[in-house]
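[1] missing the sequence, but the structure's below:
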């Protein structure tokens with residue numbers, strides 16, 4: 001491949017996205033460059049402060065529990081207060097709580113503040129994802145989500161290396177460094193990112209688009225199916241951080257061996273995320289999600305046969321490819337299924353899936369390895385991948401769609417009124433840019449569905465300026 005072709009590919013990967021997206025992307029990169037607490041919490045508590053591994057595990061679990069709690073609350077804030085205020089509140093709260101955590105001495109105080117850090121640091125995610133869906137054209141969303149995911153991993157790779165050296169000098173410096181960079185992220189949001197929440201016409205809002213509450217999200221059967229599948233996929237991928245080091249340790253590998261093996265994951269994402277996304281962005285998302293689920297499950301399943309560092313690195317290559325494909329494709333699907341004016345709540349519920357998985361994954365890994373051995377854990381991941389792949393196929397089989405096309409359609413949600421006015425158009429995009437991609441009407445047999453699943457991953461949600469209409473239960477909930 002020539003230098004010119006490489007440059008052309010890179011230019012095509014980043015072209016056509018709005019300026020606001022790049023400021024949002026920059027804020028994500030800065031935020032991840034400051035990641036210290038989540039990476040070094042256990043080492044800080046055991047090596048620097050002298051606490052037991054059990055106490056360190058409790059604190060890490062509380063940090064994860066904070067993320068579970070804030071997912072839904074932040075989703076509601078994103079819809080009610082706006083994307084920008086939610087991100088500002090989350091970033092400022094994170095900076096303050098991280099700085100305070102560095103000075104805590106008493107175990108109870110450390111545990112309590114760690115819970116607050118988990119809540120604050122996770123609260124910006126629904127707002128970031130909703131804003132990205134607001135400002136990026138439907139056909140560019142998969143690429144945008146891939147670029148954002150790339151920034152997360154690039155920032156994490158850099159921060160992990162730099163923070164390791166900082167920790168050798170002073171853990172407190174690491175806490176204060178994360179606080180400072182999080183404040184820089186908040187400053188970027190304040191100065192460069194305008195509010196993107198679509199505004200509803202007050203006169204027609206009550207009749208056209210009733211308030212969507214968390215209860216409405218929970219009754220959206222198709223979307224909750226995606227949340228459940230996201231939980232399974234997250235449970236698999238998180239074994240790279242929990243099950244793999246435990247299994248390698250019991251097999252006699254060193255921490256350095258694990259570092260080399262897991263580094264393959266970060267390097268592959270940084271090098272391949274953008275070219276792979278260019279290859280898949282206009283392909284059938286149903287097939288992509290099914291294949292990625294199988295690659296994830298069986299990629300980890302192959303770990304059972306990894307008797308050397310090289311063999312284990314090859315298994316990481318398999319499930320990392322699944323991660324590269326699954327993440328932006330699934331995010332595009334989540335946006336498709338989310339009504340425009342309820343994106344925050346839907347993104348919050350989606351975020352909840354991996355937050356809960358972050359709590360369950362270490363418990364699953366530890367219990368299975370202790371009681372049955374690592375081979376059973378990798379067998380379990382293969383089963384979970386198979387179940388997830390079958391789930392994606394069943395979830396999307398009635399909405400095959402054709403990637404890259406827009407076709408009108410209708411959707412009716414179970415328990416909706418017999419008639420409903422058309423949903424208000426999304427003012428943040430040109431009319432007709434977000435047409436549902438369903439060949440025909442979807443009946444109440446597909447309760448909770450939205451048009452567009454199975455078409456191009458970036459296609460918009462039901463609430464759009466399209467010939468079709470969406471009927472939602474007229475309930476106002478939190």
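    Looks like it arrived, so ask away. Note that the structure is predicted; figures quoted are calculated from it, not measured. Residues are numbered from 1 along each chain as shown.
[2] ok, now which ones touch the residue most central in space within the chain?
    The centroid of the chain falls nearest to residue 351 when counting by C-alpha atoms, centre = their mean (6.1 Å). Applying C-beta atoms under 8 Å, 6 or more residues apart in numbering, we find residue 351 in contact with 67, 71, 74-75, 122, 125-126, 129. C-betas here are computed from N, CA, C, even on glycine.
[3] let's see which of those end up in strands.
    Applying DSSP state E to the contacts of residue 351, no entry is found in strands.
[4] those residues, buried ones only, as a ChimeraX selection?
    Selection of the buried residues among these in ChimeraX, burial being defined by 16 or more other C-beta atoms under 10 Å:
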select :67,71,74,75,122,125,126,129
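[5] closest one to residue 218 out of the contacts of residue 351, please.
    Closest approach between the contacts of residue 351 and residue 218, by C-beta to C-beta: residue 75, at 12.2 Å.
[6] which stretches of the stretch 251-400 of the chain aren't confidently modelled?
    The model of the stretch 251-400 of the chain has pLDDT under 70 over residues 255, 399-400.
[7] and the closest residue to residue 350 other than its chain neighbours, helix, strand or coil?
    Distances taken as C-beta to C-beta, 6 or more residues apart in numbering put residue 334 closest to residue 350, at 5.0 Å, once the chain neighbours are dropped. Secondary structure, DSSP: H, G, I helix; E, B strand; the rest coil: residue 334 is helix.
[8] what's the neighbour count on residue 334?
    Using other C-beta atoms under 10 Å, residue 334 has 24 neighbouring residues.
[9] contacts only, for it.
    By C-beta under 8 Å, 6+ apart, the contact set of residue 334 is 129, 223, 226, 346-347, 350.
[10] try residue 52
    Residues near residue 52 by C-beta under 8 Å, 6+ apart: residue 46.
[11] and with 7 Å instead?
    Neighbour list for residue 52: empty [criterion: C-beta atoms under 7 Å, 6 or more residues apart in numbering].
[12] and the residue nearest to the centre of the chain, what helix or strand is that in?
    Using DSSP states H and E, residue 351 maps to helix 343-371.
[13] for the helix or strand just after that helix, buried residues please.
    For helix 343-371, the following helix or strand on the C-terminal side (DSSP H and E) is helix 374-396. Residues 374, 377-382, 384-385, 388-389, 391-392, 395-396 are the ones in helix 374-396 that count as buried (16+ other C-beta under 10 Å).
[14] measure the residue nearest to the centre of the chain to residue 227 for me?
    Noted for residue 351: a distance of 10 Å to residue 227, by C-beta to C-beta, to the nearest Å.
[15] pretty sure residue 379 contacts residue 301?
    Yes - at 6.5 Å, residue 379 counts as touching residue 301 under the criterion of C-beta atoms under 7 Å.
[16] not counting sequence-adjacent ones, nearest residue to residue 335?
    Among residues not flanking residue 335 along the chain, residue 133 sits closest, at 4.5 Å (C-beta to C-beta, 6+ apart).
[17] all helices for the stretch 151-300 of the chain, in order.
    171-192, 202-208, 214-219, 221-237, 243-250, 255-280, 285-301 (DSSP state H, counting those that start in this stretch).
[18] now find how far off-centre the longest one is within its chain.
    For helix 255-280, the separation from the chain centroid amounts to 17 Å (computed by C-alpha atoms, centre = their mean, to the nearest Å).
[19] contacting residues for residue 88?
    By C-beta under 7 Å, 6+ apart, the contact set of residue 88 is 186, 189-190.
[20] which among these count as buried?
    For the contacts of residue 88, a burial check counting by 16+ other C-beta under 10 Å picks out 186, 189.
[21] so residue 140 is in contact with residue 17, correct?
    Yes - here residue 140 reaches residue 17: they are 6.1 Å apart, a contact under C-beta under 7 Å.
[22] so what sits against both of these two?
    Counting by C-beta under 7 Å, 6+ apart, residue 140 and residue 17 have no common neighbour.
[23] let me have the helices of the stretch 151-300 of the chain in TSV, adding distance to residue 98 as columns.
    Shown next, in TSV, are these (distance: least, C-beta to C-beta, whole Å):
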stretch	distance to residue 98
helix 171-192	5
helix 202-208	39
helix 214-219	29
helix 221-237	24
helix 243-250	25
helix 255-280	23
helix 285-301	32
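[24] looking at those, which is buried most?
    Across the helices of the stretch 151-300 of the chain, averaging neighbours per residue (mean count of other C-beta atoms under 10 Å) puts helix 285-301 on top, at a mean of 24.
[25] okay, the angle between it and helix 255-280?
    160 degrees (axes from the mean of the first three to the mean of the last three C-alpha atoms, to 10 degrees).
[26] hmm, residue 387 is touching residue 233, no?
    No - contact criterion C-beta under 7 Å: residue 387 and residue 233 do not qualify, at 10.3 Å.
[27] now the contacts of residue 334 as a markdown table including distance to residue 253?
    Below are the contacts of residue 334 laid out as a markdown table (distance: C-beta to C-beta, whole Å):
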| residue | distance to residue 253 |
| --- | --- |
| 129 | 36 |
| 223 | 41 |
| 226 | 36 |
| 346 | 41 |
| 347 | 38 |
| 350 | 35 |
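[28] now, among the residues you listed, which is nearest to residue 154?
    residue 129 (18.2 Å).
[29] and that closest one, what does it touch?
    331, 347.
[30] let me know the pLDDT of it.
    Looking at residue 129, its pLDDT stands at 86.
[31] my read is that residue 230 contacts residue 327, right?
    No - using C-beta under 7 Å, residue 230 is not in contact with residue 327; the gap is 10.3 Å.
[32] quick one on the thing from earlier: what angle do the helix holding residue 351 and helix 221-237 make?
    Computed by the same axes, to 10 degrees, the angle between helix 343-371 and helix 221-237 is 40 degrees.
[33] list the buried residues of helix 343-371.
    Neighbour-count burial for helix 343-371 [16+ other C-beta under 10 Å]: 343-359, 361-362, 364-365, 368-369.
[34] any idea how many residues pack against residue 97?
    So residue 97, with other C-beta under 10 Å, has 22 neighbours.
[35] for residue 327, see how far away it is.
    Here the criterion is C-beta to C-beta. By it, residue 97 lies 27 Å from residue 327.
[36] check residue 217 too.
    Taken as C-beta to C-beta, the span from residue 217 to residue 327 is 21 Å.
[37] and of the helices of the stretch 151-300 of the chain, who's closest to residue 320?
    helix 255-280 (4.5 Å).
[38] give me the below-cutoff pLDDT ranges for the stretch 101-250 of the chain.
    Low-confidence segments of the stretch 101-250 of the chain, defined by pLDDT under 70: 200-211.
[39] 80 - rerun?
    156-157, 159-165, 167-168, 199-214, 242 (pLDDT under 80).
[40] what sits up against stretch 29-41?
    With C-beta under 7 Å, 6+ apart as the test, stretch 29-41 has contacts from 59-60, 63, 98, 101, 117, 151-152, 154-156, 158-160, 163, 167, 174-175, 177-178, 181-182, 184-185, 188.
[41] swap that for stretch 230-248, sorry
    Contact with stretch 230-248 is made by 257-258, 262, 265, 293, 296-297, 300, 303, 323, 326, 330, 350, 353-354, 356-358, 360-362, 364-366, 369, 374, 377, 381, 384-385, 387-388, as judged by C-beta under 7 Å, 6+ apart.
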